[in-house]
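Asks: using only what follows, build the 3D model:
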Amino acid sequence: MYAVYILTAILLVLSLLANREKTVRALRIALGRFMKIAPAFIVMLVLVAVALYLLPEQVLLRTLAPENRWVAMGAALGIGSISVMPGFIAFPLCGVLLERGALYMVLSAFSMTLMMVGVVTFPVEKKYLGGRLSLVRNVAGLLVALAVALVTGLVFGELL
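Replies: Numbering: from 1, shown residues only. Okay, here's the model as predicted:
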């Protein structure tokens with residue numbers, strides 16, 4: 001991630017050297033747009049914190065590692081869709097779930113829906129993308145997550 005920050009800083013300096021006026025104007029526009037999004041973003045962060053509080057690790061462990069793979073995958077799709085957590089929390093959590101016996105296809109369903117489906121973030125998304133596009137994006141994300149989970153199950157021999 002540091003490489004992205006360093007590259008961005010270098011490109012910003014090059015942009016300032018090439019045309020200081022345009023770069024400063026672009027930065028002001030970006031700051032203005034960020035300030036417009038900030039209230040909705042703060043609300044989303046609060047919702048994320050509540051979702052993380054309501055879904056502690058032990059609940060996830062009990063739900064996503066049962067014997068019935070189809071119940072576990074359905075739970076993974078559902079929990080991943082309604083909860084929101086950043087990748088740096090989600091992926092280590094998947095590692096813990098794997099160590100505790102969760103199937104790869106369950107982890108695939110869980111992590112994919114965490115990143116691609118946003119029930120909690122839907123109101124913010126709806127405000128900026130519109131209701132129909134947000135709904136289509138979320139349903140498509142859920143279907144892609146299901147397809148990837150099934151393929152993962154096939155690849156790892158969990159569906160045979």
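Asks: which outside residues touch the helix-or-strand element of the chain with minimal mean pLDDT?
Replies: For the chain, using mean pLDDT, DSSP states H and E, the weakest element among its helices and strands is helix 57-64, scoring a mean of 71. When contacts are taken as Cβ atoms under 8 Å, 6 or more residues apart in numbering, the neighbours of helix 57-64 outside the stretch itself are 72, 75-76, 79, 93, 96-97, 100, 102, 106-107, 110. Heads up, the C-betas are built off the backbone N, CA and C, glycines and all.
Asks: stretch 146-160 now?
Replies: Residues outside stretch 146-160 that contact it (Cβ under 8 Å, 6+ apart) are 69, 73, 76-77, 103-106, 108-109, 112.
Asks: quick one, the helix or strand hosting I89 and helix 57-64 angle?
Replies: For I89, the host element (DSSP states H and E) is helix 87-99. Here the directions of helix 87-99 and helix 57-64 differ by 50 degrees (axes from the mean of the first three to the mean of the last three Cα atoms, to 10 degrees).
Asks: may I see the buried residues of helix 87-99?
Replies: Residues of helix 87-99 classed as buried by neighbour count (16 or more other Cβ atoms under 10 Å): 90, 93-94, 97.
Asks: so what touches that helix?
Replies: Where contact means Cβ under 8 Å, 6+ apart, the residues beyond helix 87-99 that reach it are 52, 57, 60-61, 64-65, 85, 102, 104, 106-107, 110-111, 114-115.
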